[in-house]
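A.B. asks: Got a sequence here, can you build the structure:
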Amino acid sequence: MLVAMSDPDVRVERLDGVALLTVSDPRRRNAMTGALSERLVAVLGEVAADEAVRAVVVTGDDDPKPAFCAGGDLDELAAAGEAGPDALEHIYAGFLALAECPLPTFAAVDGPAVGAGLNLALAADVRIAGDTARFEPGFLRLGVHPGGGMTWMAQRLLGPQTTTAMLLGGEGLDAARAAELGLVLRVATGEGSDGRSAAVAEALRMASVAAAAPRELVVATKATLRATAQLDRHRDAVAVEVGPQLESLRSEGFREGLARVRAATGKK
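C.D. replies: Have a look, this model is predicted:
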């Protein structure tokens, strides 16, 4: 059913340890506004505090047609130019909340991810594209300097050449090219399941692996990934990992996992 007259929202579904968040403002193809950003911050805070949630999937409302997020609301951006940095940071708070979420985050991208929408996708840990996905910075065409951390996020993921081509050379990426360059992990094709797109179904499948693990292990592993990403030496990474690994070896989760493996292999 068409929901074009509904208010902007971030819908939340809790699915066996996974929180599926759907950014929804169909009238503007899920364009990011201050209100939508506030809602995203609030929802991410709620799910991060929920001990039953172990992973997060973010997608866009696809009614009436696929769209992840078609950018920032132009009227709000124009107003922010007059109001100053606080107004821009208000819009950016949603991407930052996703980027700083302690749980693993997966973006399922169908349709356009433009400007602020590309920022939202980049803020996730893993991106899965549907075959309709399109990634466009959009800033230069609009006459606006990039914001929301795009220059930093894109260069870390894609390197300086591809980032420059996108931001200053007008290079947009379809799903296949985004996968080739590493912007997305893979392209999900097909019908999907349970009324969801193939990209959402694949993101939920991946998230379910984290959802089946002890929450403290999932959170610790993500924190360690971030810590070791800044290191230059193997030895330093070992030193960072040893503490949380010892803690996990003493946990009930490890004892249960060990028992499952032994049962599966016939060992006592």
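A.B. asks: Need phi/psi at the most centrally placed residue in the chain.
C.D. replies: In the chain, the residue lying closest to the centroid (C-alpha atoms, centre = their mean) is Ala124, at 2.5 Å. The phi and psi torsions at Ala124 (degrees, to the nearest 10) take the values phi -80, psi 160.
A.B. asks: which regions of the chain sit below the pLDDT cut-off?
C.D. replies: 1-6, 268 (pLDDT under 70).
A.B. asks: where along it do the helices fall?
C.D. replies: According to DSSP state H, the chain carries its helices in the segments 34-49, 74-83, 85-99, 116-123, 139-142, 150-168, 175-181, 198-211, 215-228, 234-249, 252-265.
A.B. asks: Tell me which of the ones you listed sits most buried.
C.D. replies: Compared across those, helix 116-123 shows the largest average neighbour count, a mean of 27 (mean count of other C-beta atoms under 10 Å). (Glycine included, C-beta is placed from N, CA and C.)
A.B. asks: thinking again about what came up before, format the helices of the chain as CSV; extra columns: distance to Gly60.
C.D. replies: Putting the helices of the chain into CSV (distance: least, C-beta to C-beta, whole Å) gives the following:
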stretch, distance to Gly60
helix 34-49, 11
helix 74-83, 18
helix 85-99, 13
helix 116-123, 8
helix 139-142, 20
helix 150-168, 18
helix 175-181, 15
helix 198-211, 10
helix 215-228, 24
helix 234-249, 34
helix 252-265, 34
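A.B. asks: which stretch among those helices comes nearest Val18?
C.D. replies: Evaluated over the helices of the chain, closeness to Val18 peaks at helix 198-211, with 4.4 Å, by C-beta to C-beta.
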